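Q: What follows is a predicted protein model with its sequence.
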Amino acid sequence: TLPLLEPTLSGPRVVPVLVLDDPEDAVSLAKALVAGGLTTLEVTLRTPKALACAEAIAAKVPDALVGLGTLVRPEQFAQARDAGARFLVSPGLTDTLAQAAKATGLPYLPGIATVSEALIAWEHGFRELKFFPAMLNGGVPALKGMAPLIPEVRFCPTGGIKAENLRDFLALPNVFTVGGTWLTPADAVKERRWADIERLAREASALAGSPLA
Ligand code: 3PG
């Protein structure tokens, strides 16, 4: 069986999805998120320095569990592992990506949006999937509909999740965590408003950690 992310998680079930292009700022930002209670961080491969940013966080923020996301080419998987990623995420799935992911030996969350895609991921052996983009693809009702069809699969919905709706997702038995970019608004990162980001992380931690409605 393939390695899973969930058993390695601790703390609130919220994964900040990060777009970073400066390793020094990446470390400051990661420290702010960890101070706010969020320790599982996904650095997306959407900038030229994303790998260096993940590497810097892995080296300098020991309390963070750093993963790399937006993996869309097979060669990116070994690069992500070599940068110190502890888990890997893609917005979709192909046979080539599935093979590259398995070769790393790391937990991998492929992205799916439909039942057929979830079944394909299942056939590859993946049991933790990213449901993406979650709100555009039916949100909570869509995930409820998946549960009886593929009961062994657990989801990390991302795409349109924020403080207002994260508890609705976390209340579903087939959701093990949620993710999103709302914790790190682009202007706050650009202006290095780390205290604001820590406050957003603290708010999300409280919402995710308190008893679910
Ligand atoms: C992702 O890759 O997970 C998404 O960009 C997150 O979507 P969001 O920006 O709506 O949170």
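A: Cool, got the structure.
Q: Now the biggest helix by length in the chain: average pLDDT?
A: In the chain, taking DSSP state H as the definition, the longest helix is helix 194-209. Along helix 194-209, the predicted local confidence has a mean pLDDT of 97.
Q: who in this protein is up against the ligand?
A: Val17, Pro91, Phe132, Thr158, Gly159, Gly160, Ile161, Gly179, Gly180, Thr181, Trp182 (Cβ under 6 Å from any ligand atom). (Each C-beta comes from the backbone N, C-alpha and C, glycine too.)
Q: returning to what we had before: show me what the longest helix of the chain is in contact with.
A: Applying Cβ atoms under 8 Å, 6 or more residues apart in numbering, the external contacts of helix 194-209 come out as 11-14, 16, 28-29, 31-33, 35-38, 163, 166-167, 170, 178, 182-185, 188-189.
Q: what's near enough to touch Ser10?
A: For Ser10, the contacting residues are Thr39, by Cβ under 8 Å, 6+ apart.
Q: and it, how far is that from Gly67?
A: 14 Å (Cβ to Cβ, to the nearest Å).
Q: Likewise for Leu143?
A: When Cβ to Cβ is the yardstick, Leu143 and Gly67 sit 21 Å from each other.
Q: do Ser205 as well
A: From Ser205 across to Gly67, the span is 18 Å (Cβ to Cβ).
Q: Same question for Gln79.
A: With distances taken as Cβ to Cβ, Gln79 is found 13 Å from Gly67.
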